[in-house]
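K.L.:
please find the sequence and the predicted model below.
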Amino acid sequence: MLNIKSTVENGKAVLSAEGRLDTVTAPEMEKAIQELLPGLTELTLDFEKLDYISSAGLRVLLSAQKAMNQQGEMNICHVGEAIMEIFEVTGFSDILTIL
């Protein structure tokens, strides 16, 4: 299960994810990000309450990063130890901007 909340103001969006970002929930996250992208200059993903991310979730993040590279910047904040370990093992910590 994944709960997603987003706020958008002046071309800047904050998307908070709570729960698990996996094969089942990745399409939901992808849709939420795609809906925010038009006109966006900054995307911040708040993972304070994200418990787990699978390869399907990583693919969504990579896709979002590629899109934001064309129009602004993407940051990920409040990353817990378990998620950070996945980012480091997969090399995503070198690709993503993690605050």
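P.N.:
Nice, thanks for sending it over. Numbers count the residues shown, from 1 in each chain.

K.L.:
for Gly11, which non-adjacent residue is closest in space?
P.N.:
Leaving out its chain neighbours, the residue that sits closest to Gly11 by CB to CB, 6 or more residues apart in numbering is Thr41, at 4.2 Å. In short, each C-beta sits where N, CA and C put it, glycine included.

K.L.:
for that neighbour, grab phi and psi.
P.N.:
phi -110, psi -20 (degrees, to the nearest 10).

K.L.:
so what's it up against?
P.N.:
Thr41 sits next to Gly11, Lys12, Gln71, Gly72, Glu73 when contact means CB atoms under 8 Å, 6 or more residues apart in numbering.

K.L.:
change it to 7 Å
P.N.:
Contacts of Thr41 were listed using CB atoms under 7 Å, 6 or more residues apart in numbering, and they are Gly11, Lys12, Gln71, Gly72.

K.L.:
phi, psi for Val14 please.
P.N.:
According to degrees, to the nearest 10, Val14 has phi -120, psi 120.

K.L.:
for the longest strand anywhere in the chain, give the mean pLDDT please.
P.N.:
Longest strand of the chain, by residue count under DSSP state E: strand 42-53. Averaged across strand 42-53, pLDDT comes to 97.

K.L.:
alright, I will stop here.
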